[in-house]
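Q: Need coordinates for the following:
(chains A and B)
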Protein chains: 2
Amino acid sequence: MKVVNIIEKTIPFGTKIANAYVNFSAMTGSVVAIVTDVIKNGKPVVGYGFNSIGRYAPTSILRDRMIPKLMNNDDIYTEDKSNLDPFKIYNILKSNEKPGGHGDRAHAVGAIDMAVWDTVAKIEEKPLYKLLAERYNNDNYDKDIYTYAAGGYYYPDKGIEKLKEELKSYLDMGFRDVKMKIGGADLKTDLKRIEAALSVLDNDGSRLMVDVNGRFDLIQALECGIAIKDYNLKWYEEPLDPLDFSSHAALAEYYTKPLATGENLFSFEDIRNLIRHAGLRSDRDFIQMDCPLSYGLCEYMKVLKFVKDSGWSTRRMIPHGGHQFCLHIAAGLNLGGNECYPGVFQPFGGFADSEPVRDSRVKLPDAPGIGFELKANLWDVMKNIV
Amino acid sequence: MKVVNIIEKTIPFGTKIANAYVNFSAMTGSVVAIVTDVIKNGKPVVGYGFNSIGRYAPTSILRDRMIPKLMNNDDIYTEDKSNLDPFKIYNILKSNEKPGGHGDRAHAVGAIDMAVWDTVAKIEEKPLYKLLAERYNNDNYDKDIYTYAAGGYYYPDKGIEKLKEELKSYLDMGFRDVKMKIGGADLKTDLKRIEAALSVLDNDGSRLMVDVNGRFDLIQALECGIAIKDYNLKWYEEPLDPLDFSSHAALAEYYTKPLATGENLFSFEDIRNLIRHAGLRSDRDFIQMDCPLSYGLCEYMKVLKFVKDSGWSTRRMIPHGGHQFCLHIAAGLNLGGNECYPGVFQPFGGFADSEPVRDSRVKLPDAPGIGFELKANLWDVMKNIV
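A: Coordinates of the predicted model:
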């Protein structure tokens, strides 16, 4: 086989929402398409990827620095030249890159990695989760995956009633559990918002997560933690700057209920520091590393190995991002679930149109690859790139 | 005053050298020019910057994401509108940017920050080091600055004799102390190279640094550390991955001589983790954070405050990068010195042509701003951008 072309296109998101830290109206993403000369069903196989959700398109890193490393490179294939080799490609993309500085570069590599895995599974004519289970998980995969609705943003002029309406709409879509943003208002206001949210969840704290998006310092994180402790929430997410491991460890001594973090750490080395220094507890906390923001699945497998070697179950890994790629990884490598953003971050957020969420669980379709073709609004964007 | 234009131009480096981790032949840098309507000596003031040395040009991050935040923005000036306000600009550039992920984005902000400080000092008609000393250091500055020649790369087919010639040439240029790369060959070969280097330095280990560029794991770092301990080198640099703080702390218990690291940590939060977790000792070790790779001088001042609050002297800060900007910072804020790369990373590396190095110390000229105009090969590039 041969890779004929690799294309990057920068796409605006334009979502008019904000969390405690940023608003998303100027955000962009990079879509990558790998065009091959392998013919399936009368057409060349094309694999697609994007750099997850919530950062910016790494346009020139892809176009000028990463894609040229792969073009006309004979070392990106399996030995029998029948498919791409994701690990060879990962090593090539990380060559001539210094250690440290895991940011936009990691998103660029992750976007290519997603397109590589889509290509590989399409050439094998299998859904990605089955390919992952066969190759790396003794053929074990989950038939449905836990998911939850991440919402409760600070829209302009959004009051308590509108928050309740929004969360109710997620329950109507089939979600049992929902997540809301906090930390963008004072604690008193946020507690009212949390209690309003709980009122639509039968006052069952195990169905609600709260997300600070890294905004608090230690004092604020402790104040909030003490105030919300008795709600018995499913988790208290990213209370502190993602790199402030010492403060996180101090918080964990006071906030003995579940914590979740890791979506803004983009490398194996950063997650290793999280596990080493942040006081996380393997029996209750969650790690939310976003694989296509973090050099992709080859790097994520290194993380999963370290996590297991450190005494954690893969069930405590629930990736950030709410897209189809990590849903396959969750199913094929037995993670704890996958985020979902109903209605926002379109067209990248969400899963196949054919698979409704039921009681906060979702299935994967049997289409080959990642199945972007079964998500109409995303496919509308992707199919026009090649 | 008004900013009329901000221009980015991507420049190839094309240096045919390698360290233990990367070769630099494909490396690029971004030059930024801020064009103002302030007239000095009959011409508009233009401030210049670049994203230091050793990573890649953050082209689209500058063009599509950072520079547009400043264009036609009235909030980038001092209250009396007589000059740019670097801290306002820093806050604007960091707005709508999520926490974590301090990589290429940090280099982009740093390149703009350098151009901002050049502009500010040119408008005040002062060399930058004097402006920094006046504003932030009770008018104390150093009249000359410690520097050392960073070289000893692994050129293709370069033997021991060529290494000795290279290091001798640095002594002829006025350097007393020199740094060489190790970790790109086996330990036995590197020990021979180190002993050859020492032979041209009167066997005085205090004149030699060795730099691993983050390549070793803990076992290799310990093996090498034990082997080189009795040379009493000035420092043993970046033996481990820059984010492997635990291993660094373990190494520091065995290698009780000076260590140096930090050039591949690009934010306040990362350096804070270095100080918290890496076992560094404030009486002997060195922190080499590279300010224009790391969101610039405004971020670096936060780092200097944390460093001092943690019991360190600013004299233990010796920036990576070997360029004029950090030389001003070293002089104006009383750092321990500044790296120099004689002959490589041109035209960005090196200082004003008018200021020779004498006994490993160098002076700054009295030109306004950073003084790029006094480094002919760099000025040849910069003057053609606007």
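Q: ranges for the helices of chain A?
A: A:59-60, A:67-70, A:86-94, A:104-123, A:128-136, A:160-173, A:187-199, A:218-228, A:245-254, A:268-277, A:297-309, A:324-332, A:376-382 (DSSP state H).
Q: Mind giving me the packing neighbours of the last one?
A: Using 3 or more Cβ pairs under 8 Å, 6 or more residues apart in numbering or on different chains; DSSP states H and E, the elements in contact with helix A:376-382 are strand A:28-40. For the C-beta atoms, the positions are set from N, CA and C on the backbone; glycine is no exception.
Q: Pairing partners for the strand it packs on, with directions?
A: Applying DSSP bridges, strand A:28-40 is found paired with strand A:3-12 (antiparallel), strand A:43-50 (antiparallel).
Q: buried set for that strand?
A: A:28-36, A:38 (16 or more other Cβ atoms under 10 Å in any protein chain shown).
Q: report the angle between the axes of that strand and helix A:86-94?
A: Strand A:28-40 runs at 140 degrees relative to helix A:86-94, counting by axes from the mean of the first three to the mean of the last three Cα atoms, to 10 degrees.
Q: How much space separates residue A:189 from chain B?
A: 22 Å (Cβ to the nearest Cβ, to the nearest Å).
Q: Same check on residue A:167?
A: In terms of Cβ to the nearest Cβ, residue A:167 sits 24 Å off from chain B.
Q: looking at it, that residue is touching residue A:150, isn't it?
A: No. Counting by Cβ atoms under 8 Å, residue A:167 does not reach residue A:150; the two are 11.1 Å apart.
Q: Which residues are in contact with each of the two?
A: Common neighbours of residue A:167 and residue A:150, using Cβ atoms under 8 Å, 6 or more residues apart in numbering or on different chains, are residue A:178.
Q: Verify the contact between residue A:279 and residue A:248 for me.
A: Yes. Contact criterion Cβ under 8 Å: residue A:279 and residue A:248 qualify, at 5.9 Å.
Q: Between these two, point out the one with more neighbours.
A: residue A:248 (25 against 18; other Cβ atoms under 10 Å in any protein chain shown).
Q: what does the model give the one residue in the stretch 251-386 of chain A that gets nearest to chain B for pLDDT?
A: Going by Cβ to the nearest Cβ, chain B is nearest to residue A:264 of the stretch 251-386 of chain A, at 3.0 Å. The model reports residue A:264 with a pLDDT of 98.
Q: With adjacent residues omitted, what lies nearest to it?
A: residue B:100 (3.0 Å; Cβ to Cβ, 6 or more residues apart in numbering or on different chains).
Q: what number of residues lie near that neighbour?
A: Under the neighbour criterion other Cβ under 10 Å, residue B:100 is assigned a count of 24.
Q: list the contacts for it?
A: A:103, A:214, A:241-243, A:264-266, A:270, B:269.
Q: By neighbour count, which of these wins?
A: Of all the contacts of residue B:100, the highest neighbour tally under other Cβ under 10 Å goes to residue A:266, namely 31 neighbours.
Q: quick one: residue A:6 from residue A:76, how far?
A: 10 Å (Cβ to Cβ, to the nearest Å).
Q: With residue A:180 instead?
A: Using Cβ to Cβ, residue A:180 is found at 43 Å from residue A:76.
Q: cool, and residue A:54?
A: Going from residue A:54 to residue A:76 by Cβ to Cβ gives 29 Å.
Q: who has more neighbours, these two?
A: Shown here are residue A:54 and residue A:76; by other Cβ under 10 Å, residue A:54 has more neighbours (26 against 22).
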